[in-house]
Every structure is written in C-alpha cells, then in structure tokens.
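Asker: sequence below, structure please.
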Amino acid sequence: MFSIQQKKVTVIGGQKSGLAALELIRRQGGQPRLSEMKRAADFPAEAVRTLKDSGAIVEWGGHTAEFVTSSDLVVLSPGVRIDAAPVVWARQAGIPVLGEIEFAYQFCRRR
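Answerer: Numbering: from 1, shown residues only. Have a look, this model is predicted:
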C-alpha cells in the first residue's frame, strides 16, 4: 500500500487542485509543502489562510533546488511542465515525481 506517513511531500503549483493535493497529503499523515511561483501577496487571501491553517510549509515567489530536493516525493499540478526546473531537480536527486491525478489515485480504495 502507498504511504506518505511522515514524508515531506512537495506540491509544485498551488492553484485549486494543488491546494486539494495538500489537503490529501495532510489527511494521509504526510508533511504538506508547496512551491509556488507567485508571491503570497499575489495569491488569493482565502488560499493563503487555507495554507496557514493546514500547516503547509510554503516557498513563495519561485522554486529553489534546495526546497524541492529536501522532499521525499514531488507532486505536479496540471500546469507544470515535465521539463520544468523543479522536476529536473527532483529527478536528478532520485525523488519520485507524480502528477496530481496519479498521486490521488494511490489513495483510491476501488478500481
């Protein structure tokens, strides 16, 4: 069975589906993290509150190799290209990279 208990799971991109992925990570016992290109000031206030309430660690205003490579798993939002720098960094570090749908599927109880 797929487990993320106590694992640092970083979502790249924090729009609606990224926020939902962070909530799933939290509910499954993982450590939710977000790397977002936008600055907090440019993000919807309600989403910022949701992130703070979830306990997610957030990297605002761009992605850094240090943040991404300190993860146990990286989850990509739909708009993130597979050749984007955070994906390259994760793969070079041997960190698994999953799309959001593939990630969520790991927790489905039925076919």
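Asker: give the closest residue to residue 69 in space, chain neighbours not counted.
Answerer: Excluding the flanking residues, the one nearest residue 69 by Cβ to Cβ, 6 or more residues apart in numbering is residue 93, at 4.4 Å. Placement of C-beta: from N, CA and C, glycine included.
Asker: if you could redo that for residue 67, that was the one I meant.
Answerer: Of all residues not flanking residue 67 in the chain, residue 59 sits nearest, at 4.6 Å (Cβ to Cβ, 6+ apart).
Asker: thinking again about what came up before, separation between the residue nearest to residue 69 and residue 86?
Answerer: With the distance defined as Cβ to Cβ, to the nearest Å, residue 93 ends up 11 Å from residue 86.
Asker: which helices and strands sit right next to the one helix or strand in the chain whose mean pLDDT sits lowest?
Answerer: Taking mean pLDDT, DSSP states H and E as the measure, the chain has helix 45-54 as its least confident helix or strand, at a mean of 87. Other helices and strands packing on helix 45-54, by 3 or more Cβ pairs under 8 Å, 6 or more residues apart in numbering; DSSP states H and E, are helix 16-27.
Asker: and if we set it to 10 Å?
Answerer: If you count contacts as 3 or more Cβ pairs under 10 Å, 6 or more residues apart in numbering; DSSP states H and E, helix 45-54 packs onto helix 16-27, strand 31-35, strand 57-59.
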